[in-house]
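[1] could you look at this predicted model? Sequence included:
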Amino acid sequence: MSTLRVVQWGLGAMGSGMARLVAGKEGLQLVGGIDTRPEYVGRPLGEVLGLDTDLGATVTDDPSSVLNKDDVDCVIIATTSWVKEQIDDLRTILSAGINCVSIAEEMASPEAQSPEAARELDDLAKANGVSIIGTGVNPGLSMDTLVVALTAGCLEVTSIEATRVNDLSPYGPTVMRTQGVGLSEEEFLAGVEDGSVDGHIGFPESARMISDALGLGIDRIEQKREPIVSTVRRETPHITIEPGMVAGCKQTLLGYRGDEVVLTLVHPQQVLPELEGQGTGDYITIHGTPEVSMQINPEYAGGKATQAIAVNVVPRIVEATPGLKNMLDIPMTGALVGPSAYRRRV
Ligand code: NAD
């Protein structure tokens, strides 16, 4: 396969990292950058990314000026978490006849919460002969794709538990607010009620991916968001948490088949968990034959993993048959270490 030309849409914390990765990968070429930030628009893309080359492109806030299918093979979009906020931009990309990778959490399996949008995107992609996928560390890898991969050698699976314990301290003010960090317990609970505390976005999508892939038959999910109240002082560049304040959000999903819980997902996210003796990690247990137990310590680093998987999947989604895909529909994605990774295998 020849060099794949990539446009990065959204040059924030994740998108700028992806763009730098694309710019440095053999077999990929960064040909454009889109963002609405006034301080970026009109400046050389390489300069905005802190590279010592201008990459021959300037950052634009006008997608139509760069989305030409003769010049672009794939757009990676990193702008928001929600299908309803991203769908207009996804329509623009697919209608231009260009493949798309999104890291919006709800795009990992849009069938889970936006079935009409999922059908529309599938139809639009097929009509334009391209494909679209949602990915990221979670959803997209650590609590769904890895879970399904571990069951490949099981004679039978009765139930599954996956837990991801991570540290929120590298993240900025938006994440602190949406996770309820720094609130009192009462404020946190009120925020969950009024929707201002989101917690983790993506559990319904992970559950849908796992259930569909294995035929697990989940017919109902329940989600719970609980405050993690600190007993010690915790301080990051963005926030200071005094004892008694909320340091994070523990989110739990139960997936039922009838009355039976067949899937449990647990995701306690907090700043500096080690200050209370809590290490980070990813833990998956498959109950069945054989029993399978996996742990990754410390956690699979979320920011780096999201940037990497969005880039590593580009050749897969360019090669894929047209339509809406998820990470379990396409051949297994690995790191793009050398040019042989681009060889078509299916
Ligand atoms: P960020 O706020 O740092 O960056 C978003 C960028 O997109 C900003 O520069 C903003 O100006 C730009 N933008 C927003 N809407 C735009 C539009 N319509 N057109 C052009 N530019 C636009 O956010 P981030 O940390 O880079 O994360 C991006 C999204 O990805 C978040 O919603 C985050 O929750 C999600 N995410 C998902 C995963 C996953 O595992 N699936 C992992 C990390 C982040």
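    Here it is on my side, so go on. Numbers count the residues shown, from 1 in each chain.
[2] just checking, Thr333 touches Asn312?
    Yes. Taking C-beta atoms under 8 Å as the definition, Thr333 is a contact partner of Asn312 at 5.3 Å. C-beta coordinates here come from the backbone N, C-alpha and C atoms, glycine included.
[3] near the ligand, which residues of the stretch 101-250 of the chain are found?
    Ile103, Glu105, Gly136, Val137, Asn138, Pro139, Gly140 (C-beta under 6 Å from any ligand atom).
[4] buried only: go through those for me.
    Ile103, Glu105, Gly136, Val137, Asn138, Pro139, Gly140 (16 or more other C-beta atoms under 10 Å).
[5] what's near enough to touch the second one?
    Contacts of Glu105 were listed using C-beta atoms under 8 Å, 6 or more residues apart in numbering, and they are Ser81, Trp82, Gly134, Gly136, Pro139, Ile201, Gly202, Glu205.
[6] among the residues you listed, which lie within helices?
    Using DSSP state H, the subset of the contacts of Glu105 located in helices is Glu205.
[7] out of the contacts of Glu105, who's nearest Gly24?
    Gly136 (20.2 Å; C-beta to C-beta).
[8] residue contacts, the closest residue in space to Val41 that isn't next to it in sequence?
    In space, Val41 comes closest to Asp61 once its chain neighbours are excluded; the distance is 4.9 Å by C-beta to C-beta, 6 or more residues apart in numbering. Asp61 makes contact with Ile34, Asp35, Thr36, Val41, according to C-beta under 8 Å, 6+ apart.
[9] need the three-state assignment for the last one.
    Spelled out, that is Val41. coil (DSSP: H, G, I helix; E, B strand; the rest coil).
[10] how close does the closest residue to the ligand within the stretch 51-200 of the chain get to Ala320?
    Proximity to the ligand, evaluated over the stretch 51-200 of the chain using C-beta to the nearest ligand atom, is greatest for Gly136 at 2.1 Å. Here the criterion is C-beta to C-beta, to the nearest Å. By it, Gly136 lies 18 Å from Ala320.
[11] all helices of the protein, in order?
    13-24, 45-48, 83-95, 115-127, 145-150, 173-179, 185-194, 203-214, 302-312, 314-319.
[12] lowest average pLDDT across those?
    Mean pLDDT values for the helices of the chain show the minimum at helix 173-179, a mean of 87.
[13] thinking Ile103 is in contact with Val137, fair?
    No. Using C-beta under 8 Å, Ile103 is not in contact with Val137; the gap is 9.1 Å.
[14] now the common contact residues for the two.
    Thr306.
[15] with only the CA atoms kept, save stretch 252-271 in CSV.
    Output in CSV follows, covering the C-alpha atoms of stretch 252-271 (Å, rounded to 0.1, in the frame of the first residue of the first chain):
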residue,chain,number,x,y,z
THR,A,252,-20.0,0.6,37.5
LEU,A,253,-22.0,-1.1,34.8
LEU,A,254,-23.9,-4.3,35.2
GLY,A,255,-25.0,-6.1,32.1
TYR,A,256,-27.9,-8.5,32.5
ARG,A,257,-29.1,-11.5,30.5
GLY,A,258,-32.5,-11.9,32.0
ASP,A,259,-32.0,-11.8,35.7
GLU,A,260,-28.4,-12.9,35.6
VAL,A,261,-25.4,-10.5,35.6
VAL,A,262,-23.1,-11.6,32.8
LEU,A,263,-20.9,-8.5,32.5
THR,A,264,-19.5,-6.2,35.3
LEU,A,265,-17.4,-3.2,34.3
VAL,A,266,-15.8,-1.1,37.1
HIS,A,267,-13.9,2.1,36.4
PRO,A,268,-12.7,4.1,39.5
GLN,A,269,-11.1,7.3,38.1
GLN,A,270,-9.4,9.6,40.6
VAL,A,271,-6.4,12.0,41.0
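[16] work out the gap between that stretch and the centre of the chain.
    19 Å (C-alpha atoms, centre = their mean, to the nearest Å).
[17] now it: buried residues?
    252-255, 262-263, 265-271.
[18] now do stretch 122-139
    122, 124-125, 128, 130-139.
[19] so how far is that stretch off the chain centroid?
    Distance, centroid of stretch 122-139 to centroid of chain: 14 Å (C-alpha atoms, centre = their mean).
[20] let's see it as CSV, backbone CA atoms only.
    Below are the C-alpha coordinates for stretch 122-139, written out as CSV (Å, rounded to 0.1, in the frame of the first residue of the first chain):
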residue,chain,number,x,y,z
ASP,A,122,-23.4,3.1,7.8
ASP,A,123,-25.6,4.0,4.8
LEU,A,124,-23.6,7.2,4.0
ALA,A,125,-20.3,5.4,4.2
LYS,A,126,-21.5,2.7,1.9
ALA,A,127,-22.9,5.2,-0.5
ASN,A,128,-19.5,6.9,-0.7
GLY,A,129,-17.4,3.7,-0.8
VAL,A,130,-15.6,4.5,2.5
SER,A,131,-15.5,3.3,6.1
ILE,A,132,-15.7,4.8,9.6
ILE,A,133,-14.7,3.5,13.0
GLY,A,134,-14.7,4.7,16.6
THR,A,135,-11.7,3.8,18.8
GLY,A,136,-9.6,5.0,21.8
VAL,A,137,-8.2,3.4,24.9
ASN,A,138,-11.6,3.2,26.6
PRO,A,139,-13.9,2.5,24.9
